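> I'll drop the sequence and a predicted model, then ask my questions.
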Amino acid sequence: MKVVIIGGVAGGATAAARIRRLDEKAEIVVFERSGYISYANCGLPYYIGGTITDKEALTLQTPESFDRRFRVDMRVHHEVTAIHPEAKTVSVKNLETGRSFDESYDKLILSPGAKPTRPRLPGVGLEKVFTLRTVEDTLRIKEHVDANHPKSAVLAGGGFISLETAENLRELGMDVTIVQRPRQLMNPFDADMAAFIHAEMRQGGVKLALGHTVEGLEERGAGIDVLLKDAAPLHADMVVLAIGVTPESDLAKSAGLVLGLKGSIVVNDRMETSVPDIYAVGDAVQVKHYVTGEDAVISLAGPANKQGRIAADNICGGDSRYQGSQGSSVIKVFRMTAAATGINETNAKKAGLDVDKVILSPMSHAGYYPGGKMMTMKVVFEKGTYRLLGAQIVGYEGVDKRIDVLATAIRCGMKATDLKDLDLAYAPPYSSAKDPVNMAGFMVENLKNGVVKQWYLEDAGFLAGDGGVTRLDVRTKEEFAAGHIDGFLNIPVDELRDRLGELDKGRPVYVMCQSGLRSYIAARILTGHGFECYNFAGGYRFYDAVKNDRCLIEQATACGMDQ
């Protein structure tokens, strides 16, 4: 059996190694257009910033090491220019010699990945305008930075690559601005949770121009003007386009394969395309979202590796199935960690789901053990069924651990109420006896059983007038004086039982504290004395972070960047 693989990196290289482990006699040929067959995409920005100092560390395997270990014919600088399904051949061009030839196959795997989205705007081809996707892109940026010592950069786009690059350019001392058409960074997060990411980026010295559209790029002096719609241009010494990625599917389209969302390659759960004996894996393929069941394009390394393994299994006579992607991800944002899995509240509603959520601010480990740091968690679930849909966490220590537990719970089909029963490891330096994941489960169970009712950030406008309700802040007098929502009465929770006479039993009480815990206790006190009561999801800390972020975005809309 002869297997030809187009593209290396995560999906293609994984498939090649797996096929060899399953079939010692198979002939395996990999054609890779770049000079690198297996490299760490996610580490590329950290080489630019100097965190990774050895460029060889980015290369996980070389053609020589791969051949020694797996006896795979790895041909770099070879571009496949056409697929001929009826003849079962591919046309290939050697980019070093210019020679073209045809290569036959019994089975073909497409792992072309995705290319940086290059908008059709004036100036995208200018010398000081870069994209970042491959090792070659990284080396080009690194060489430019080392040779020219630019003092400023504008990054277009607000996803993983943009944030990581922004942080690394700041580490080099550069003035950095991110321009993003949506009014938030990191679309896997809801806007309220993204507020914490925005705050950390600003704290790191990155300016944000959210809600602005790039209309073109022009050379001016020794730098580049980034032209914005309805705003003054931004000037910088260099520009990085990180607007997103587009599936590399031109070969598949020319060969008559069925394409789907964003031009991605349609595959079944065996990673088979619409043409017999042709498989496709990685960033170029359309998959099913594990939570919604809807078609999706999810460009992440984890799914690509799994898909490469599944295609290899099936080529070698197995019957492996890909169950879908749920978008589990994590990113370092200066001192902070932000992570998400499943779907967020915004996308759940777009999918027509009836959703609810809990928002909590637990410590990373036991409060009495030194060094604990607060995280903010948002867990989204379906009303009625309590099916766990997704989660987002921003914080410092322990974020990655909790998101992985929640990702596993989603994959296992657990309900949000089941989180309370998880038996998770505890020691004071690492967690609390009631782990944050357990706490989320307790909160959802309280909602299910009617122990507490919630009100939300989006209800704040309703509470601005009298509304026939009582607005109650149960923090200390000092906390209340440091900042509060207008119209709220302050009665500290420890004084509440003695001051119930100050409240009108005929009016619903909307309660708030700093994080949601004291207000929950207050709600139980009030409910026990016959009041109708609602607890604010997230607490004043959450409200204040989101409110401040929205104010800064509004200011930025007027001038092109945060002030």
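Right, received. Where do you want to start?
> in stretch 18-34, what counts as buried?
18-20, 23, 26-34 (16 or more other CB atoms under 10 Å). Any C-beta I mention is one placed from the backbone N, CA and C, and that applies to glycine too.
> Give me the contacts around that stretch.
Stretch 18-34 is contacted by residues 1-8, 12-13, 16, 37, 70-80, 90, 92, 95, 103, 105, 134-136, 308-309, 312-313, 315-316, 318 when judged by CB atoms under 8 Å, 6 or more residues apart in numbering.
> Out of those residues, which end up buried?
The neighbour-count test (16+ other CB under 10 Å) marks 3-8, 12-13, 16, 37, 70, 72, 74-76, 78-80, 90, 92, 103, 105, 134-135, 308-309, 312-313, 315-316 as buried among the contacts of stretch 18-34.
> still on that earlier bit, minimum pLDDT in the buried residues of stretch 18-34, which residue is that?
Across the buried residues of stretch 18-34, the bottom pLDDT score, 87, is held by residue 34.
> and that one, how far is that from residue 115?
To residue 115, residue 34 is 12 Å away according to CB to CB, to the nearest Å.
> And for residue 165?
17 Å.
> Could you check which of the two has the larger neighbour count?
Legend: neighbour count by other CB atoms under 10 Å for residue 165 and residue 115, higher for residue 165 (26 against 17).
> residues in contact with that one?
Residue 165 touches 45, 48, 132, 155, 240, 242, counting by CB under 8 Å, 6+ apart.
> So what touches the strand or helix carrying the first one?
Under the criterion DSSP states H and E, the helix or strand holding residue 45 is helix 44-48. In this structure, residues lying in contact with helix 44-48 by CB under 8 Å, 6+ apart are 52-53, 55, 58, 132, 134-135, 137-138, 141-142, 145, 161, 164-165, 167-169, 172.
> Among these, which ones are in helices?
135, 137, 138, 141, 142, 145, 161, 164, 165, 167, 168, 169 (DSSP state H).
> Identify the farthest-apart pair in those residues.
Between any two of the ones in helices among the contacts of helix 44-48, the greatest separation by CB to CB is 19.6 Å, found for 135 and 167.
> Mind jotting down where the strands sit in the stretch 51-200 of the chain?
For the stretch 51-200 of the chain, the strands defined by DSSP state E, counting those that start in this stretch cover 59-61, 73-76, 78-84, 89-94, 100-104, 107-110, 114-116, 129-131, 152-156, 175-180.
> returning to what we had before: how far does the helix holding residue 45 sit from the chain's center?
Computed by CA atoms, centre = their mean, to the nearest Å, the chain-centroid distance of helix 44-48 equals 18 Å.
> And for stretch 184-195?
Chain-centre distance of stretch 184-195: 9 Å, with CA atoms, centre = their mean.
> Which element, helix or strand, includes residue 431?
Judged by DSSP H and E, residue 431 forms part of no helix or strand.
> residues touching the spatially closest residue to it that is not a sequence neighbour, list them.
Leaving aside its sequence neighbours, residue 431 sits nearest to residue 365 (CB to CB, 6 or more residues apart in numbering; 5.5 Å). Contact analysis of residue 365 by CB under 8 Å, 6+ apart lists 371, 372, 397, 398, 428, 429, 430, 431, 432.
> I'd say the second one and residue 361 touch.
By that I understand residue 372. No. Taking CB atoms under 8 Å as the definition, residue 372 is not a contact partner of residue 361, at 11.9 Å.
> What is the neighbour count of residue 428?
14.
> Isn't it up against residue 368?
Yes. Counting by CB under 8 Å, residue 428 does reach residue 368; the two are 7.0 Å apart.
> Show me which residues of stretch 191-203 are buried.
Of the residues in stretch 191-203, 191, 192, 193, 194, 195, 196, 197, 198, 199, 200, 201 count as buried by neighbour count, 16+ other CB under 10 Å.
> Kindly report the same for stretch 234-248.
Result for stretch 234-248 [16+ other CB under 10 Å]: buried residues 234, 236-248.
> cool, stretch 250-258 as well?
For stretch 250-258, the buried set under the neighbour-count rule, 16+ other CB under 10 Å, comprises 251, 252, 255, 257.
> export those residues to a markdown table and tack on distance to residue 273 and pLDDT?
Listed next are these as a markdown table, based on distance: CB to CB, whole Å; pLDDT from 0 to 100:
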| residue | distance to residue 273 | pLDDT |
| --- | --- | --- |
| 251 | 11 | 96 |
| 252 | 7 | 97 |
| 255 | 9 | 97 |
| 257 | 5 | 98 |
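> returning to what we had before: just the ones in helices among the contacts of helix 44-48 now: which is nearest residue 298?
Distances from residue 298 to these, taken as CB to CB, are shortest for residue 161 (15.2 Å).
> dump the residue contacts of that closest one.
Contact analysis of residue 161 by CB under 8 Å, 6+ apart lists 44, 45, 132, 133, 242.
> In a strand, residue 209, correct?
Yes. Counting by DSSP: H, G, I helix; E, B strand; the rest coil, one finds residue 209 located in a strand.
> In this structure it contacts residue 177, no?
Yes. Contact criterion CB under 8 Å: residue 209 and residue 177 qualify, at 6.0 Å.
> Comparing the two, which residue is more hemmed in?
residue 209 (25 against 22).
> Rebuild the contacts of residue 165 as TSV, extending it with distance to residue 480 and pLDDT.
Shown next, in TSV, are those (distance: CB to CB, whole Å; pLDDT from 0 to 100):
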residue	distance to residue 480	pLDDT
45	43	91
48	46	91
132	47	89
155	40	97
240	45	96
242	42	90
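> with these in mind, which one is nearest to residue 281?
Of all those, residue 132 has the smallest distance to residue 281: 22.4 Å, by CB to CB.
> Can you verify my assumption that that closest one contacts residue 116?
Yes. Contact criterion CB under 8 Å: residue 132 and residue 116 qualify, at 7.2 Å.
> Now list whatever residues contact both of those two.
Common neighbours of residue 132 and residue 116 (CB under 8 Å, 6+ apart) are residue 242.
> Sketch out the low-pLDDT regions of the stretch 1-150 of the chain for me.
The model of the stretch 1-150 of the chain has pLDDT under 70 over residues 40, 60.
> make it 90
8-10, 34-44, 47, 50-68, 114-121, 132-136 (pLDDT under 90).
> next one: the stretch 151-300 of the chain
In the stretch 151-300 of the chain, residues with pLDDT under 90: 230, 243-245, 299-300.
> For it, which segments count as helices?
If DSSP state H, counting those that start in this stretch is used as the criterion, the helices of the stretch 151-300 of the chain fall at 160-171, 191-203, 250-254.
> Can you give the distance from the first one to the centre of its chain?
Relative to the mean C-alpha coordinate of its chain, helix 160-171 is positioned 15 Å out (CA atoms, centre = their mean).
> Could you pull up the residues touching residue 78?
Residue 78 neighbours (CB under 8 Å, 6+ apart): 31, 32, 33, 92, 93, 94, 95.
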